[in-house]
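K.L.:
Here is my input, please return the structure:
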Amino acid sequence: MPENPYINVILTATLTVVFILACSYGLGWLARTVVKSRGASLNQQSNAFAGYLFAAPWIVGFLIFVVVPLGFSLYWSFTDYRVTSNTSPQWLGLENYYNLLFEDDSFRASIVNTFYLTVIGLPLQMAVALFLAILLNQQMRGERVFRMAFYLPVILGFNTAVLLCWRLMLNTGTGIINQMWRAMAEIPGVSHLLRATIYGQEISAAFFLGINNGSFNLMNKVIEAGFPAANRIPLWVQSPMWSKMSIVLLMIWGCGAMMLIFLSGLNNIPKELHEAAQVDGANSWKRFWKISFPLLTPYIFYNLVVGMISSLQIFEPIFVLYRDNQPLVPSAISMVYYLWQKSFSHFEIGYGSAISWVILVIILVITIIQFKLQDRWVTYDVY
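P.N.:
This is a model prediction of the structure:
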């Protein structure tokens, strides 16, 4: 290869294009040959050739970048493969999976933390998304501006720059989140609500930390300490009892996609149903609970499935917020973060591959259970 980097890039791009064209033509020719062997007409042969010719780039890319890596990952999960070692992968059988499921306390902690984000964070995220969708469904002035504002976090995503801004906003002393918290605490009646929120959050966080540590002394201390003082503020990125809640806050901030799904569901509900209920004397709450909510269950189910898959794979907020704060990593580590840690920090590719397949099985089992249970509460009658 030439030493000039620009020529290397041009040659690599040219060879890539040639490879794609050759694979496309080869796959199209193979499809036409198969169809021809079955006695198809010339028109059918031509259609098969054209179809597979244009579909070939995706098919080849799927095989090269998905199927082949999956095969290698499955094989490596049964071996002691380390990138830094010069030796070939050593076959271990089910040893990686046994250590992972029965002896690895860190992985157990990552499962507990991930399920915390799923059990507590996902319902809060969906509730806020539904609340925003109901507000935007009122046909208010400036509706498009509000839609854009609430959907903007989805466009920004969990990239590093945004998460670093959140890290500054969640700072205990100077962060804007706690500045707003202090301002709201001065409102009569709101202070007790905020203190109750801190109390409930710290008890739940201490309970999950107790599951990780095998001891509930911290939870008992929180309960014995009683209601927090009036000047207490959340320690978002400074305390292990608030590390997971800061991730939940980011999940709620990014609920714009769910909001749009709920909004489309509300717009698809026939207005005649609400008008008839209003004539019968039903108030706004009864119309929502008896009409809107049952007809929104397909959209709730979709957001639940997609949201659960996303929360079980959460990684970026934990990586950016807590990678440099090692004392807090055990309290916030997720399954995917632990996968990254083993694979790309400790270079234990075999063990990391085993983690990835366990995560896949967990997500698959939970998703199957959701689809099995949907008939009990999802209503498709009107649709």
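
K.L.:
separation between residue 166 and residue 184?
P.N.:
19 Å (CB to CB, to the nearest Å). (Each C-beta comes from the backbone N, C-alpha and C, glycine too.)

K.L.:
So if I had to pick from the two, which one is more boxed in?
P.N.:
Per other CB atoms under 10 Å, whichever of residue 166 and residue 184 has more neighbours is residue 166, with 22 against 12.

K.L.:
Would you mind naming the helix or strand containing that one?
P.N.:
Using DSSP states H and E, residue 166 sits in helix 160-169.

K.L.:
which ones are touching residue 335?
P.N.:
For residue 335, the contact set (CB atoms under 8 Å, 6 or more residues apart in numbering) comprises 107, 110-111, 114, 312-313, 355, 358-359, 362.

K.L.:
The helix or strand following the helix holding residue 166: which residues count as buried?
P.N.:
Downstream of helix 160-169, the next assigned helix or strand under DSSP H and E is helix 176-185. Across helix 176-185, burial judged by 16 or more other CB atoms under 10 Å covers 177-178, 181, 185.

K.L.:
Over to stretch 160-180?
P.N.:
By 16+ other CB under 10 Å, the buried positions in stretch 160-180 come out as 162-163, 166-167, 169-171, 175, 177-178.

K.L.:
average model confidence for it?
P.N.:
The average pLDDT for stretch 160-180 rounds to 89.

K.L.:
got the end-to-end distance for that stretch?
P.N.:
Start-to-end span of stretch 160-180 (CA to CA, to the nearest Å) is 24 Å.

K.L.:
Run through who's touching that stretch.
P.N.:
Residues outside stretch 160-180 that contact it (CB under 8 Å, 6+ apart): 156, 233-238, 246, 249-250, 253, 316-317, 320-321.

K.L.:
Mind giving me the ChimeraX select for those, buried ones only?
P.N.:
Selection of buried members from the contacts of stretch 160-180 for ChimeraX, criterion 16+ other CB under 10 Å:
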select :233,234,235,236,237,238,246,249,250,253,316,317,320,321
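
K.L.:
Mind checking which of the contacts of stretch 160-180 are in helices?
P.N.:
156, 246, 249-250, 253, 316-317, 320-321 (DSSP state H).

K.L.:
domain assignment for this protein?
P.N.:
Per automatic domain parsing, the domain ranges recorded for the chain read 5-76, 101-172+235-376.

K.L.:
Figure out which of those domains is closest to residue 191.
P.N.:
Nearest to residue 191, of all the domains of the chain, is domain 101-172+235-376, at 18.0 Å by CB to CB.

K.L.:
where does residue 40 land in three-state SS?
P.N.:
Using DSSP: H, G, I helix; E, B strand; the rest coil, the structure places residue 40 in coil.

K.L.:
Tell me how many other residues surround it.
P.N.:
Neighbour number of residue 40 under other CB under 10 Å is 15.

K.L.:
what sits against it?
P.N.:
Counting by CB under 8 Å, 6+ apart, residue 40 makes contact with residue 48.

K.L.:
So what does it look like in phi/psi?
P.N.:
Residue 40 adopts backbone torsions of phi -80, psi 160, taken as degrees, to the nearest 10.

K.L.:
so where's the stretch 1-150 of the chain uncertain?
P.N.:
Low-confidence segments of the stretch 1-150 of the chain, defined by pLDDT under 70: 1-3.

K.L.:
what do you get if the cut-off is 80, keeping everything else the same?
P.N.:
Applying pLDDT under 80 to the stretch 1-150 of the chain flags residues 1-5, 84-87, 139-143.

K.L.:
Now do the strands in it.
P.N.:
Counting by DSSP state E, counting those that start in this stretch, the stretch 1-150 of the chain has strands at residues 79-80, 90-91.

K.L.:
do you know which of the ones you listed lies nearest residue 270?
P.N.:
Across those, residue 270 has its closest neighbour in strand 79-80 (58.4 Å, CB to CB).

K.L.:
Give me the helices and strands touching the closest one, please.
P.N.:
The contact analysis (3 or more CB pairs under 8 Å, 6 or more residues apart in numbering; DSSP states H and E) places strand 79-80 against strand 90-91, helix 349-373.
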